[in-house]
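>>> what shape does this take:
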Amino acid sequence: MSTTTLQSSVPADEVPTDTRPVRRPRRRGENSLAGTITSHGILTVASLVALFPIAWLVYLSLGPDKDDYLHPGRIFGKMTLDNYSFVLQHTPFFDWLWSTLVVSLGTTFIGVLVAATTGYAVSRMRFPGYRKFMWVLLVTQMFPVAVLMVPMYEILSELQLIDNYFGLILVYCSTAVPYCAWLLKGYFDTIPFEIDEAGRVDGLSPFGTFGRLILPLAKPGLAVAAFYSFITAFGEVAFASTFMLSDTKYTFAVGLQSFVSEHDAQRNLMAATAVLVAIPVSAFFYLVQKNLVAGLTAGGTKG
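From the prediction side, this is the model:
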């Protein structure tokens with residue numbers, strides 16, 4: 001049996017010699033190099049804008065004189081930590097810290113507990129007037145602080161809760177609970193109702209179903225509600241300065257005002273205190289930041 005070898009009849013000088021790499025088509029959602037550089041540049045600028053006030057505050061806190069903020073260029077050559085030392089040793093800083101943590105954490109615990117049970121009840125139960133009830137909660141957010149100050153003072157005075165941590169916690173809960181109830185109601189709506197039915201089949205009570213099945217699934221929403229309640233109590237000034245009369249029971253927001261009087265302003269000490277104040281908030285944010293984005297997104301999918 002004979003074999004034949006077939007040779008190409010195409011001349012060697014006519015063989016294609018184009019060795020340019022084949023251009024890969026861009027996938028859907030994939031940015032071009034110019035788009036990536038632009039987006040990263042915008043994010044970098046936005047980060048610098050957000051971080052600049054913090055860096056500037058830290059820089060001013062290192063100035064030894066109270067008028068250094070007028071000439072910030074002079075601070076660089078005489079930076080010192082004396083302001084922090086003075087605040088920690090010669091001011092009621094730790095009393096303010098204790099008061100702030102008691103009020104903020106108390107508001108967070110009570111506010112989230114009440115808001116979670118309220119949001120769950122409205123999400124799962126259909127009782128007469130449940131829609132109007134949620135609208136009433138929303139309407140309570142319309143009144144300004146100046147309008148609420150006098151009636152709240154009268155109520156707390158009758159209950160003997162003026163200059164009392166619990167009284168201030170109740171005041172803050174009246175602000176935090178309505179918003180958190182709306183937020184958690186929207187989040188509970190995203191949890192399938194079949195989970196409640198499965199809990200009842202297994203013999204759980206409504207409270208058992210809520211505590212053992214629903215709350216673990218609602219951690220992102222609870223984290224958002226907790227963060228909002230904490231920030232509401234941590235940075236509020238008007239109610240705290242009105243209802244707390246003792247210097248040792250001031251919160252940080254009120255304590256900062258003691259550095260500024262009618263004839264004097266110790267802005268270097270205020271800046272140092274403000275930097276120290278930011279530490280608890282940053283720590284709390286770090287604890288809940290994993291669930292913040294998920295909670296905000298899921299809580300807004302259903303109303």
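>>> from here on, just use CA atoms for contacts and neighbour counts.
Will do.
>>> low-confidence regions, the chain specifically.
The chain contains residues with pLDDT under 70 at 1-31, 262-263, 291-303.
>>> now do the helices in it.
Applying DSSP state H to the chain gives helices spanning 33-61, 82-90, 93-124, 130-139, 145-158, 165-188, 194-201, 206-209, 215-217, 219-235, 238-243, 252-255, 267-299.
>>> need the ones you listed in JSON lines with mean neighbour count and distance to residue 71, can you?
Shown next, in JSON lines, are these (neighbours: other C-alpha atoms under 10 Å; distance: least, C-alpha to C-alpha, whole Å):
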{"stretch": "helix 33-61", "mean neighbour count": "13", "distance to residue 71": "10"}
{"stretch": "helix 82-90", "mean neighbour count": "15", "distance to residue 71": "17"}
{"stretch": "helix 93-124", "mean neighbour count": "20", "distance to residue 71": "27"}
{"stretch": "helix 130-139", "mean neighbour count": "13", "distance to residue 71": "47"}
{"stretch": "helix 145-158", "mean neighbour count": "13", "distance to residue 71": "37"}
{"stretch": "helix 165-188", "mean neighbour count": "23", "distance to residue 71": "39"}
{"stretch": "helix 194-201", "mean neighbour count": "14", "distance to residue 71": "63"}
{"stretch": "helix 206-209", "mean neighbour count": "14", "distance to residue 71": "61"}
{"stretch": "helix 215-217", "mean neighbour count": "13", "distance to residue 71": "53"}
{"stretch": "helix 219-235", "mean neighbour count": "23", "distance to residue 71": "29"}
{"stretch": "helix 238-243", "mean neighbour count": "19", "distance to residue 71": "32"}
{"stretch": "helix 252-255", "mean neighbour count": "23", "distance to residue 71": "26"}
{"stretch": "helix 267-299", "mean neighbour count": "17", "distance to residue 71": "12"}
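>>> quick one: which of those is nearest residue 72?
Ranking those by proximity to residue 72 (C-alpha to C-alpha) places helix 33-61 first, at 7.2 Å.
>>> and the closest one with helix 82-90, angle?
Relative orientation of helix 33-61 versus helix 82-90 (axes from the mean of the first three to the mean of the last three C-alpha atoms, to 10 degrees): 60 degrees.
>>> show me how far helix 33-61 is from its chain's centre.
Put simply, helix 33-61 sits 20 Å off its chain's centre (C-alpha atoms, centre = their mean, to the nearest Å).
>>> and it, what does it pack against?
For helix 33-61, the elements it packs on are helix 267-299, judged by 3 or more C-alpha pairs under 8 Å, 6 or more residues apart in numbering; DSSP states H and E.
>>> who does the helix it packs on touch, helix- and strand-wise?
Counting by 3+ C-alpha pairs under 8 Å, 6+ apart, helix 267-299 packs on helix 33-61, helix 82-90, helix 165-188, helix 219-235.
>>> with respect to residue 287, which of those lies nearest?
Shortest separation from residue 287 across the helices and strands packed on helix 267-299 is recorded for helix 219-235, at 9.0 Å, computed as C-alpha to C-alpha.
>>> ok, now which ones touch residue 227?
Shown in contact with residue 227 (C-alpha atoms under 8 Å, 6 or more residues apart in numbering): 108, 284, 285, 288.
>>> hmm, back to that, between the helices and strands packed on helix 267-299, which gets nearest to residue 100?
Among the helices and strands packed on helix 267-299, the nearest to residue 100 by C-alpha to C-alpha is helix 219-235 (6.3 Å).
>>> quick one: that closest one to helix 93-124, angle?
Using the same axes, to 10 degrees: helix 219-235 against helix 93-124 is 140 degrees.
>>> quick one: helix 219-235 to helix 165-188, angle?
For helix 219-235 against helix 165-188, the angle by the same axes, to 10 degrees is 150 degrees.
>>> where's helix 219-235 relative to the chain centroid, distance-wise?
With C-alpha atoms, centre = their mean, you get 6 Å for helix 219-235.
>>> kindly report the same for stretch 135-145.
21 Å.
>>> what's the answer for stretch 127-147, then?
Averaging C-alpha positions (C-alpha atoms, centre = their mean) puts stretch 127-147 23 Å from its chain's average.
>>> what do you get for stretch 215-232?
9 Å.
>>> and if you look at stretch 170-181?
With C-alpha atoms, centre = their mean, you get 15 Å for stretch 170-181.
>>> again with stretch 282-291
Mean-position distance between stretch 282-291 and its chain equals 8 Å (C-alpha atoms, centre = their mean).
>>> who's in contact with it?
219, 220, 221, 223, 224, 227.
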